[in-house]
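1. A predicted structure for the sequence below; I have some questions about it.
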Amino acid sequence: MRRWMVWGAAAVGVVFLGLGWLERPPAPRRAAEVKPAARALRISETPPPTPPSVVEPGPPAPTQPDPTRPTSLWLRASEPAPIAPTGIYGSAQGIPILMFHRFRARPTANTAISPEVFRTVLETLKSDNYCLIGLDEYLENRFRPECGGQKLFAVTFDDGHPSQFGLLPEGTLDPQSGLGVLEEVFPNARATFFLNVRNGGKPFGKQSERKVALLREWGLEIGNHTISHPRLDRVSNARAVREIDGVCDYFDQSSMLLAYPYGVAPRTPLPDLKTRCAVPAAFNAWEGYAAGVRGGEGRPLLAVVPAGSSAFEAMRYSLPRVNIASLEDLRLDVLENPGVYTLPAAPAQEERQDGSVSPKLFSRAHT
Ligand SMILES: [Zn+2]
């Protein structure tokens, strides 16, 4: 078996039917409002800087991923395989939500990818008729008209590693950082950054506050990855609540999407875990096909098309993301994935189906 399903199936199968939709506050800014010049790339003629090493403020948390140990984030072979979620195999259609952690020239772990391979991944998706959507579009089941007729995908970044978002000395986006590459291939890109705020903050390392402000200015989403990145199943419910609420407090938000550290849900699953910070949806961390699925009869793991379906509601707090560390990952988990959903190209017809299970396009100006 080449790869394993990752942490996080514990909460799977728990059905949260009938839950009220937790409204998220309006995004501070849509990407369409971004002035192109504000995010213009300035290609440096000097060699790209070496990705900074990770500086963990304060004492290292014992459960932090060790970049030198490729299996540290993922389920070890000796551990029992989690139960695969139901509702996403067979005829279910889904949207790949890609997960990235750090960018370095010579990756040593499957949580890293080189900027060059990342660029090729994105260019391949673009040429294969994929439209980059934001998680707000995914969760609201409302997509930009320009994505009509295309397959959809979303990009997420975890942990706030400095290599995800670099600024050049003149203050422009570092084209070799993760966001720089994404912006180059998909201008005015949409993405979600799931951030930790250990010891008072400093996601992305240097110029942290400036970068967080720019994310908001550019309409990129800040997600919750807990304060200190614990395995939430190994801490008390009270601690889990503090870990989630503390990030909302830091970013002064009342509602944030959540990515479980290591993809592991808390002992008391959401929404029963009474957080002050609203969590409209939560995401796992999977590595492609479920255990025993790749090469078998199953289907790869995809976040299902929402559409108000029971399958989506069952997965609202355990939505799968797929880790992409190579072009082979992309091929097996996305490009050759028979379950990838294609957005209809007929918005007028879809709009009349309000309330149906068919996704509909934006009916209002997406500004
Ligand atoms: Zn993480």
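-> Nice, I can see it.

2. Under the pLDDT cut-off, which ranges of this protein? List them.
-> Low-confidence segments of the chain (pLDDT under 70): 1-92, 199-201, 286-300, 307-308, 346-367.

3. again, only this time at 50
-> Low-confidence segments of the chain (pLDDT under 50): 1-90, 288-299, 348-367.

4. Could you list the contact residues of it toward the ion?
-> Listed as neighbours of the ion in the chain under the rule Cβ under 5 Å from the ion: Asp158, Asp159, Pro261. C-betas here are computed from N, CA, C, even on glycine.

5. Which one of the residues you listed sits in the busiest neighbourhood?
-> Asp158 (29 neighbours; other Cβ atoms under 10 Å).

6. residues contacting the closest residue to that residue other than its chain neighbours?
-> The shortest distance from Asp158 to any non-neighbouring residue, by Cβ to Cβ, 6 or more residues apart in numbering, is to Phe194 (4.8 Å). Counting by Cβ atoms under 8 Å, 6 or more residues apart in numbering, Phe194 makes contact with Thr156, Phe157, Asp158, Asp159, Gly223, Asn224, His225, Leu257, Leu258, Ala259, Phe283.

7. SS state for Phe194?
-> strand (DSSP: H, G, I helix; E, B strand; the rest coil).

8. again with the one 10 residues further on
-> Remark: Phe204 carries the secondary structure label coil [criterion: three-state DSSP].

9. Next, count neighbours for it.
-> The local packing of Phe204 (other Cβ under 10 Å) involves 28 other residues.

10. residues contacting it?
-> Going by Cβ under 8 Å, 6+ apart, the list of residues near Phe204 reads Gly160, His161, Pro162, Gln164, Phe165, Lys211, Val212.

11. that older thread, just list whatever residues bridge to the residue nearest to Asp158.
-> Asp158, Gly223 (DSSP bridges).

12. Number of residues surrounding Ala246?
-> For residue 246 the amino acid is Gly, not Ala. 18.

13. Thought Val197 was touching it, still the case?
-> Yes. Contact criterion Cβ atoms under 8 Å: Gly246 and Val197 qualify, at 6.9 Å.

14. quick one: Gly166 and the ion, what's the gap?
-> Noted for Gly166: a distance of 19 Å to the ion, by Cβ to the ion, to the nearest Å.

15. ok, and the closest non-adjacent residue to that residue?
-> Going by Cβ to Cβ, 6+ apart, Gly166 has Asp174 as its nearest residue, at 3.1 Å.

16. what sits opposite the residue lying closest to Phe186 once chain neighbours are set aside in the beta ladder?
-> Spatially, and ignoring its direct neighbours in sequence, Phe186 is nearest to Leu132 (4.6 Å; Cβ to Cβ, 6+ apart). As for beta bridges, Leu132 partners with Phe153 under DSSP bridges.

17. and Leu132, how far is that from Ala314?
-> 26 Å (Cβ to Cβ, to the nearest Å).

18. so Asp128 sits right up against Glu336, yeah?
-> No. Using Cβ under 8 Å as the test, Asp128 is too far from Glu336 to be in contact (10.6 Å).

19. the more surrounded of these two?
-> Asp128 (14 against 10).

20. what's the distance between that one and the ion?
-> In terms of Cβ to the ion, Asp128 sits 28 Å off from the ion.

21. Any chance of the backbone angles for the nearest residue to that residue once chain neighbours are set aside?
-> In space, and not counting its chain neighbours, Asp128 is closest to Leu335: 6.2 Å by Cβ to Cβ, 6+ apart. Phi and psi for Leu335, reported as degrees, to the nearest 10, are phi -60, psi -40.

22. Leu335 and the ion: what is the separation?
-> Distance, Leu335 to the ion, using Cβ to the ion: 26 Å.

23. Go ahead and confirm that residue touches Ser127.
-> No. At 10.6 Å, Leu335 does not count as touching Ser127 under the criterion of Cβ under 8 Å.

24. The two: which is more packed in?
-> Leu335 (16 against 8).

25. of all the residues of the chain next to the ion, which comes closest to Arg276?
-> Lowest distance from Arg276 to the residues of the chain next to the ion (Cβ to Cβ) belongs to Pro261, with 19.1 Å.
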